[in-house]
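> sharing a model that was predicted from the sequence below.
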Amino acid sequence: MLKEFKEFMARGNVVDLAIGVVMGTAFTAIVNSIVKDLITPFIGVIMGNIDLSGYKLVLAGATFGIGNFINAVISFLVISLVLFLIVKVTSRFKKLEESAVDALKPSQEEVLLTEIRDLLKNK
């Protein structure tokens, strides 16, 4: 059983998954800080420091925290927007990197001309 456990842990997928979870946790802290410390105060200034967490709806003795739900939805939308912008910027950098690599590759014409040159040189 110990041997099987070692084989399981030695698989690349398990290590990749563990790294992904750790990176995701660290990334969550960054995104939460961006939302809590940068974006939410900015939205509060724009909206006049409205706090929705106090809004409640009471029906038949049951209390529904509508304000907390609205805050959670707003937080979700802000986090989604921040993640979208991060992915968009990252994709732009990847495209720039790929275009730089493609610029270094010879064109099809250059490849054919090089082949012709080499064939003529070998005659």
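Good, I have the coordinates. All of these numbers come straight from a predicted model, not from anything done at the bench.

> helix/strand/coil for residue 73?
Three-state call for residue 73 (DSSP: H, G, I helix; E, B strand; the rest coil): helix.

> quickly list the domain ranges of the chain.
1-49, 51-122 (the TED database).

> separation between residue 24 and residue 17?
10 Å (Cβ to Cβ, to the nearest Å). Yep, even glycine has a C-beta here, placed from its N, CA and C like the rest.

> can I get whatever helix or strand residue 6 lives in as PDB, trimmed to CA atoms?
Residue 6 belongs to helix 2-10 when elements are defined using DSSP states H and E. As requested, the backbone C-alpha atoms of helix 2-10 are provided in PDB (Å, rounded to 0.1, in the frame of the first residue of the first chain):
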ATOM      1  CA  LEU A   2       2.900   2.400   0.700                       C
ATOM      2  CA  LYS A   3       4.300   1.600  -2.700                       C
ATOM      3  CA  GLU A   4       1.000   2.400  -4.400                       C
ATOM      4  CA  PHE A   5       0.900   5.700  -2.400                       C
ATOM      5  CA  LYS A   6       4.400   6.700  -3.500                       C
ATOM      6  CA  GLU A   7       3.500   5.900  -7.100                       C
ATOM      7  CA  PHE A   8       0.300   8.000  -6.800                       C
ATOM      8  CA  MET A   9       2.200  10.900  -5.300                       C
ATOM      9  CA  ALA A  10       5.000  10.600  -8.000                       C
END
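
> mean confidence for that helix?
Mean per-residue pLDDT for helix 2-10: 78.

> what's the next helix or strand after it packed up against?
Once the chain leaves helix 2-10, the next helix or strand it forms, by DSSP H and E, is helix 12-33. If you count contacts as 3 or more Cβ pairs under 8 Å, 6 or more residues apart in numbering; DSSP states H and E, helix 12-33 packs onto helix 66-104.

> next secondary structure after the helix or strand of the chain with the lowest mean pLDDT?
Every helix and strand of the chain was ranked by mean pLDDT, DSSP states H and E. The lowest is helix 40-47, at a mean of 74. Next along the chain after helix 40-47, taking DSSP H and E as the criterion, comes strand 57-59.
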